[in-house]
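# Any chance you could fold what I've pasted below:
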Amino acid sequence: MRSDKTLPEYIFDKNYTVCITSKDDWRNQNIDILHDIICYTDGSRHLVTGQSGARVFNQTLNEEHVLPLGKYSTIFQAEIYAILAFVNSLHTQYEASTAICSDSPAALKVLDTA
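Numbers count the residues shown, from 1 in each chain. The predicted model follows:
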């Protein structure tokens with residue numbers, strides 16, 4: 001009998017680089033971002049309510065997405081989820097050069113060692 005089953009595909013190539021810059025470089029505008037798509041991500045947690053969320057802003061398309069994550073997510077998880085949400089949105093941009101700007105050195109270091 002025929003089926004619509006999709007076999008999993010595992011890709012272990014790391015086709016990205018991570019660049020961690022200083023706050024002074026950002027303040028002094030010493031950073032040139034020469035990519036086709038530029039995105040800013042952030043994860044946060046509200047101190048009073050304890051709710052977490054992620055935000056993705058695609059500067060190239062001027063699109064913003066706010067992703068509520070509830071009260072059990074950490075700030076680190078929210079930061080990683082924001083990056084993942086943006087990467088998943090690139091399903092049609094295979095050949096595009098992309099810059100993802102994050103203020104989380106911890107998230108960037110994890111991605112750099114992955």
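
# Need the contact partners of the lowest-mean-pLDDT helix or strand in the chain.
Lowest on mean pLDDT, DSSP states H and E among the helices and strands of the chain sits helix 23-27, with a mean of 77. By CB atoms under 8 Å, 6 or more residues apart in numbering, the surrounding residues in contact with helix 23-27 are 30-31. C-beta: built from backbone N, CA, C; applies to glycine.

# one more time with 6 Å
I31 (CB atoms under 6 Å, 6 or more residues apart in numbering).

# Check stretch 76-96 too.
So stretch 76-96 is in contact with 36-37, 39, 41, 43, 52, 54, 56, 67, 69, 100, 104, 106-107, going by CB under 6 Å, 6+ apart.

# So for it, what gets flagged as buried?
By neighbour count, and taking 16 or more other CB atoms under 10 Å as the criterion, the buried residues in stretch 76-96 are 77-83, 85-86, 89.

# Which of these fall in helices?
When the buried residues of stretch 76-96 are checked against helices (DSSP state H), the matches are 77-83, 85-86.

# how about those residues in JSON lines, adding distance to K5 and pLDDT?
Listed next are these as JSON lines, based on distance: CB to CB, whole Å; pLDDT from 0 to 100:
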{"residue": "Q77", "distance to K5": "31", "pLDDT": "93"}
{"residue": "A78", "distance to K5": "34", "pLDDT": "94"}
{"residue": "E79", "distance to K5": "35", "pLDDT": "93"}
{"residue": "I80", "distance to K5": "30", "pLDDT": "92"}
{"residue": "Y81", "distance to K5": "28", "pLDDT": "93"}
{"residue": "A82", "distance to K5": "32", "pLDDT": "93"}
{"residue": "I83", "distance to K5": "30", "pLDDT": "90"}
{"residue": "A85", "distance to K5": "27", "pLDDT": "90"}
{"residue": "F86", "distance to K5": "29", "pLDDT": "88"}
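
# which among these gets closest to Y16?
When those are compared for distance to Y16, the smallest value, 10.6 Å, is given by I83; criterion: CB to CB.

# okay if I get the contacts of stretch 76-96 as a markdown table plus secondary structure, neighbour count and distance to T113?
Formatted as a markdown table, the entries for the contacts of stretch 76-96 read as follows, by DSSP: H, G, I helix; E, B strand; the rest coil; neighbours: other CB atoms under 10 Å; distance: CB to CB, whole Å:
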| residue | secondary structure | neighbour count | distance to T113 |
| --- | --- | --- | --- |
| D36 | coil | 11 | 26 |
| I37 | strand | 17 | 24 |
| C39 | strand | 24 | 21 |
| T41 | strand | 26 | 19 |
| G43 | strand | 25 | 19 |
| S52 | strand | 21 | 24 |
| A54 | strand | 25 | 21 |
| V56 | strand | 22 | 23 |
| L67 | strand | 14 | 25 |
| L69 | strand | 18 | 24 |
| I100 | strand | 21 | 16 |
| S104 | coil | 19 | 14 |
| A106 | helix | 12 | 11 |
| A107 | helix | 23 | 11 |
